[in-house]
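generate a structure from the sequence data that follows.
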Amino acid sequence: MRAKNRYILLGWGLLVTGVWLIPVAHFVLESTPLTATGSSLIILGVVSVVLGRTRPSVSPEISALLLDTSLENISAIIEELGLRTKAVYLPSSMTQGQPRTLIPLRANHSVPLVGKALPRRLIVRYGPSAEDIGLLISTPGSASLRMLETAPGSSSSEMEEALASVLGGMLDIADGVRVATTGKTITVEITNPRVEHKSIRFYECLGSPLASIAAAVVAEALDRPVAVEREEYGKGKSLIELGILG
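Below you'll find the predicted structure:
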């Protein structure tokens, strides 16, 4: 039996016991301590049921394994093609319904401008030039957006709430998130991140998994293309700067 079901069964057991104990203790036994115990059982039961319903169906260990595998595969493709350009995180409105990330194949270090919706293909043309060709892929950020019940809002507080829900609540890979907007720069400060930083080509093109999630959420919230401009890692803190494009 999954842990999620055990939480729910435990919760209902505590609820039934508490509901039965309160009238017996109060009217039959006339015991105030037992009546208080019944009330406590009801509260614990409600908490257990809520935990069971909100607990993710996939364990954090399996999620970490799948994340590492996908990062290694994408990194292998990037290294094989020799890509060093900065990726652009696109909102769902520019990728026909599913947020994705564009990695230009062009051998330069400038961030491309995408002005139209792209088809749902692996290799796409994003500009008028013959060299404006890139890879359109899903990233950890793309997958994280599917966890949200509603699209994130465009204000700093709404983006902060969405990122806190994903990073701190659903994935449990950070303790806190702060978002600040300055012109066309979004600064995301993550407290106590629990994702190991590795020296792989994936990070150079797309940013770390934390940056990927932050960029995807911000791009969807603002409905604008976003690129990871800078990352800093300190003791118990990660600082990510995102640039709004277009």
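
and what about the closest residue to E241 other than its chain neighbours, helix, strand or coil?
The shortest distance from E241 to any non-neighbouring residue, by CB to CB, 6 or more residues apart in numbering, is to R230 (4.2 Å). For glycine as for every other residue, the C-beta is placed from the backbone atoms N, C-alpha and C. Following DSSP: H, G, I helix; E, B strand; the rest coil, R230 is assigned to strand.

for stretch 144-155, measure first residue to last.
One end of stretch 144-155 to the other measures 19 Å (CA to CA, to the nearest Å).

got the buried residues for that stretch?
144-145, 152 (16 or more other CB atoms under 10 Å).

let's see which of those residues end up in strands.
Using DSSP state E, no member of the buried residues of stretch 144-155 falls in strands.

right, and the helix or strand after the strand or helix carrying L15?
Using DSSP states H and E, the secondary-structure element containing L15 is helix 3-23. The helix or strand immediately downstream of helix 3-23 is helix 32-54, counting by DSSP H and E.

who does that next one touch, helix- and strand-wise?
helix 3-23 (3 or more CB pairs under 8 Å, 6 or more residues apart in numbering; DSSP states H and E).

show me what the helix it packs on is packed against.
Counting by 3+ CB pairs under 8 Å, 6+ apart, helix 3-23 packs on helix 32-54.

quick one: the helix it packs on to helix 3-23, angle?
Angle of helix 32-54 versus helix 3-23, following axes from the mean of the first three to the mean of the last three CA atoms, to 10 degrees, is 160 degrees.

what's helix 32-54 in contact with?
4-8, 10-22, 24-26 (CB atoms under 8 Å, 6 or more residues apart in numbering).

with just CA atoms, put that helix into CSV.
Taking C-alpha atoms only, helix 32-54 is exported to CSV below (Å, rounded to 0.1, in the frame of the first residue of the first chain):
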residue,chain,number,x,y,z
THR,A,32,-13.2,16.1,30.5
PRO,A,33,-9.7,14.7,29.7
LEU,A,34,-11.2,12.0,27.5
THR,A,35,-13.4,14.5,25.8
ALA,A,36,-10.3,16.7,25.0
THR,A,37,-8.6,13.5,23.8
GLY,A,38,-11.4,12.9,21.3
SER,A,39,-11.2,16.4,20.0
SER,A,40,-7.4,16.0,19.5
LEU,A,41,-8.0,12.8,17.6
ILE,A,42,-10.4,14.6,15.2
ILE,A,43,-7.8,17.3,14.6
LEU,A,44,-5.0,14.8,14.0
GLY,A,45,-7.4,12.8,11.7
VAL,A,46,-8.1,15.9,9.5
VAL,A,47,-4.4,16.7,9.3
SER,A,48,-3.6,13.1,8.2
VAL,A,49,-6.2,13.1,5.5
VAL,A,50,-5.0,16.4,4.2
LEU,A,51,-1.4,15.1,4.2
GLY,A,52,-2.5,12.0,2.3
ARG,A,53,-4.3,14.0,-0.4
THR,A,54,-1.4,16.5,-0.9
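
and that helix, average pLDDT?
Helix 32-54 comes out with an average pLDDT of 74.

and what of stretch 186-203?
When pLDDT is averaged over stretch 186-203, the result is 81.

what's the spacing between that stretch and its chain's center?
13 Å (CA atoms, centre = their mean, to the nearest Å).

list the buried residues in it.
Those would be 186-188, 190, 193, 195, 200-203, for stretch 186-203 by 16+ other CB under 10 Å.

and stretch 80-96, by the same measure?
83, 85-92, 94-95.

okay, that stretch in PDB with CA atoms only?
The C-alpha trace of stretch 80-96 is given here as PDB (Å, rounded to 0.1, in the frame of the first residue of the first chain):
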ATOM      1  CA  GLU A  80      27.600  16.200 -29.100                       C
ATOM      2  CA  LEU A  81      26.300  19.200 -31.200                       C
ATOM      3  CA  GLY A  82      28.900  21.500 -29.600                       C
ATOM      4  CA  LEU A  83      26.200  24.100 -28.500                       C
ATOM      5  CA  ARG A  84      27.200  27.000 -26.300                       C
ATOM      6  CA  THR A  85      24.500  29.500 -27.000                       C
ATOM      7  CA  LYS A  86      22.100  30.700 -24.300                       C
ATOM      8  CA  ALA A  87      18.700  29.000 -24.300                       C
ATOM      9  CA  VAL A  88      15.500  30.900 -24.400                       C
ATOM     10  CA  TYR A  89      12.500  29.800 -22.200                       C
ATOM     11  CA  LEU A  90       9.300  30.300 -24.100                       C
ATOM     12  CA  PRO A  91       5.700  30.500 -22.700                       C
ATOM     13  CA  SER A  92       3.000  28.100 -23.900                       C
ATOM     14  CA  SER A  93       1.500  30.800 -26.100                       C
ATOM     15  CA  MET A  94       4.700  30.600 -28.300                       C
ATOM     16  CA  THR A  95       5.000  26.900 -28.400                       C
ATOM     17  CA  GLN A  96       1.400  25.800 -29.200                       C
END
